Structures are given as structure tokens and as C-alpha cells.
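Participant: All I have is the shape, not the residue letters:
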């Protein structure tokens, strides 16, 4: 760090002598200080004040909707995307303090739900338009790869990176660029089709939740803990493939929850026991259950079935309980909110025979698809993305309560209100 600091201090203090014009510019003060410490909230506030029209940089020229139309994306989906990004506001968290809010334009926030999908569209568009013919020898609209030879052989340029500022093309000759374009186009065309087929339900779910669950997402900690109308039986459920191979740290986490709930019944469901329950209570999904390629998919389904049959509280084995959960029994159904958007299934509270669980179980065969790799296959068939989609399509979704991040404890650290701590790994 000190070497870099010295380098930039020297660089900033060098007097330029490249042209007569720059000779008249006074040099910077000697020993110009460089702040290498953490950014302060005052600096962030100053940057926010300097935003043009109070907005963060984005796609004000609205290329994205036109691209989506070009690829045949339904207007319903385009409107959903625009609704998510238009007229929204953000703030920056610095050392536990939030800055003032500022408008966000239609740019896609890094790490956002829509980013992978829109990136696929953009890269395909860029690669399709990588080769173009211009008569302008200076290449004002792109980078010249072949100089103009004649009227019939104008200059060839690489252009149209448009708003994809994360994309750069580095090749030594135009032939390599053409081959790269061909490879990328074929690959990303497949991904575009796959994205429309796979990811649209979750995008729609994210849109629905952002539009219709404000009350659930923002209910106060006090209101949750003061309700006294018990709906859920005192049962703790957990799952693992067998009882003899549970990692020691997970055993300790499980013991923490059992200690706080010594008057609860406790069930550790193995894969074998879970399958037997499914065979007895839900034989219609048994073939789907048996066909899953990954153990985690079967674990996802087992937790849903045991909660539907018995009710109670389900917790993943990597969750450490910090407080009793008795007051959570006062609600019919509770799920945790996850980041960047949607719902998680590592903690669920449900009364027996809840209709939302019945809907989920009935829809499992419809979402039993293989998405080439483990992560998307699990997430979209039985995991959080599937669950988020189901919640968005549930007719009585206002009856589902979403536990706040403060209580959930996964994204908020050292809060006295947190009910849980989550092990890593």
C-alpha cells in the first residue's frame, strides 16, 4: 500500500512538459496527500450531492427495453423490469450509518437479480454487432481493425459496446475477433433461450414481491413478538441424510436450538424416513422425489412434507438459536427474506395442512427440470427461487409473514434482536 501511495504521489506531482498548453498549468502542490484510509460517510454524502439531477448513473437513453423487444421478450416482462428500476431510490450504508436517499435510474445494480439475464442479452447484442463497415477512416464510431482500402473495401471497426461497460474485446487481429464472436454468439444464444425458460418465473416473483408485500417485509420487531394467538404446534424439525454423519459443528448448532426448546418435540428426519412419509402422505410426488439427482433436493422436499403433515418449525442444521422461538408460533406461516430478493427455505414456520404448502407440493413435478449444473437445478426446482415463485403466485400471499433481516440474523450482525446466528460453509 505504501509503495502504491508513493507512486501516485510522485505521479500527481510531476510537472507535464508535453505541450506548450500544459506548460501554463500550475503544478500540483508538492507532497499532495492521498487518503488511503476507509471512505467516510461525509465523502459519500458529498458524492451523492454531485450526482447529476440527484440520480445515480444509469441507462437514461433506455437501450435495454429496445433490446428486450428485439429479442421477443413479452411486454409484460419488459414492463416488470422497468417497474423494478424506474423511480426507485437507494442509500449507501457506511459504518452502520445510512446516507440520504437518491434516485436510481434504469441501470442494473451490481449483484442484482436481473443482472445475469440482462448481461446475456447485452453480450449477444454486442457480439452480433461486433463487425461493421464504416467509410470513416478515423473510426469515429469504433476501433479500426482493417484500414480502408477502397470504396468497395471500407474500414472495418469494432463498435457498439453501448452500455455494456463491463465488456472488453482484446484480440490481436480481426480474424480472432470473428471467431470469438461466433463462439460467444452460439453459446449465449443458448443461454438466452435457457434464461427465458428458466429465470422468468423468478424475475416475475421478484417483481410481485416488491410490488405487493411491503407490509410483510417491514413489520416491526415488536409487533411480531407481541402477538399471542398461537397457530403452530411446538415441534422442531431438521433433516439430514442419516443420523451418524452429522458434522460436529452442526450438532452443536442443533443442540443450541433444542436447549432453548426443551418442551418441544424434536424430529431429525433422515432421507429414508422422509421418503416413507412421502410414500404414505403424498404418493403422487414420490416418483418426482426419487428422480431428483441431488440429495439437497430431497431434503428440500422432506421439510415441506413434514411441515404440511405435522406443522411446527423447520431449521437447517447450520442455524444457531440465540433466543426462544415461542412467539413465532403465533403466526400461520413465516419465511425469511433473502438477498438480493426473494425468500429462503432454511427456516420455515407453518401450521399443519397449510394451503400454501399444499400448493408447493402439488407444483413440484411441474418444476422438476435439469438445468445442466447443480446450483440452478436445485434453486429452481426445490430451492429458494422455486419457493419465491410459488409465493408470488399464491392467491392469499398477504397471509404469509416474512421475517425481517434483523430477526433472521443472516445479513445483520451483532443485533440484540436477532433470533439466530448462521454458520458459514
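Facilitator: Done, it's in. Treat the numbers as computed from the prediction; the structure is a model and nothing was measured.
Participant: Kindly provide the distance from the closest residue to residue 397 other than its chain neighbours to residue 78.
Facilitator: Leaving aside its chain neighbours, residue 397 sits nearest to residue 391 (5.7 Å; criterion: Cβ to Cβ, 6 or more residues apart in numbering). To be clear about C-beta, it is placed using only N, CA and C from the backbone, and glycine gets the same treatment. Remark: distance between residue 391 and residue 78 (Cβ to Cβ, to the nearest Å) = 23 Å.
Participant: ditto for residue 95
Facilitator: With distances taken as Cβ to Cβ, residue 95 is found 39 Å from residue 78.
Participant: Sticking with the residue nearest to residue 397, tell me its helix or strand.
Facilitator: Taking DSSP states H and E as the definition, residue 391 sits inside helix 384-393.
Participant: Ok, residue 89 next?
Facilitator: Using DSSP H and E, the element containing residue 89 is strand 88-90.
Participant: circling back: from the neighbour counts alone, determine which of residue 95 and residue 78 ranks first.
Facilitator: Neighbour comparison, residue 95 and residue 78: the larger count goes to residue 78, with 16 against 8 (by other Cβ atoms under 10 Å).
Participant: my hunch is that that one is in a helix, does that hold up?
Facilitator: Yes - with DSSP: H, G, I helix; E, B strand; the rest coil as the criterion, residue 78 is part of a helix.
Participant: From residue 69, how far off is it?
Facilitator: Taking Cβ to Cβ, one finds residue 78 at 7 Å from residue 69.
Participant: per-domain residue ranges of the protein.
Facilitator: 116-198, 225-422 (automatic domain parsing).
Participant: which of these has the lowest average pLDDT?
Facilitator: When the domains of the chain are ranked by mean pLDDT, domain 116-198 comes last with a mean of 51.
Participant: Which residues does residue 266 form beta bridges with?
Facilitator: For residue 266, the beta-bridge assignment (DSSP bridges) gives partners residue 236.
Participant: Report the contact partners of it.
Facilitator: 235, 236, 238, 258 (Cβ atoms under 8 Å, 6 or more residues apart in numbering).
Participant: For PyMOL, what selects the buried ones among these?
Facilitator: Buried subset of the contacts of residue 266, written as a PyMOL selection, criterion 16 or more other Cβ atoms under 10 Å:
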select buried, resi 235+236+238
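Participant: Just flag the most distant two among the contacts of residue 266.
Facilitator: Farthest-apart pair in these is 235 and 258; separation 11.9 Å (Cβ to Cβ).
Participant: shared neighbours of those two, which are they?
Facilitator: 264, 266.
Participant: so what's residue 307 closest to, chain neighbours aside?
Facilitator: residue 350 (4.4 Å).
Participant: Surely that neighbour is in contact with residue 232?
Facilitator: Yes - Residue 350 lies in contact with residue 232 (Cβ atoms under 8 Å); the separation is 6.7 Å.
Participant: any idea how far the nearest residue to residue 258 once chain neighbours are set aside is from residue 400?
Facilitator: Among residues not flanking residue 258 along the chain, residue 266 sits closest, at 5.8 Å (Cβ to Cβ, 6+ apart). Note on residue 266: its distance to residue 400, by Cβ to Cβ, is 25 Å.
Participant: now residue 343
Facilitator: Distance, residue 343 to residue 400, by Cβ to Cβ: 9 Å.
Participant: Great, nothing more from me.
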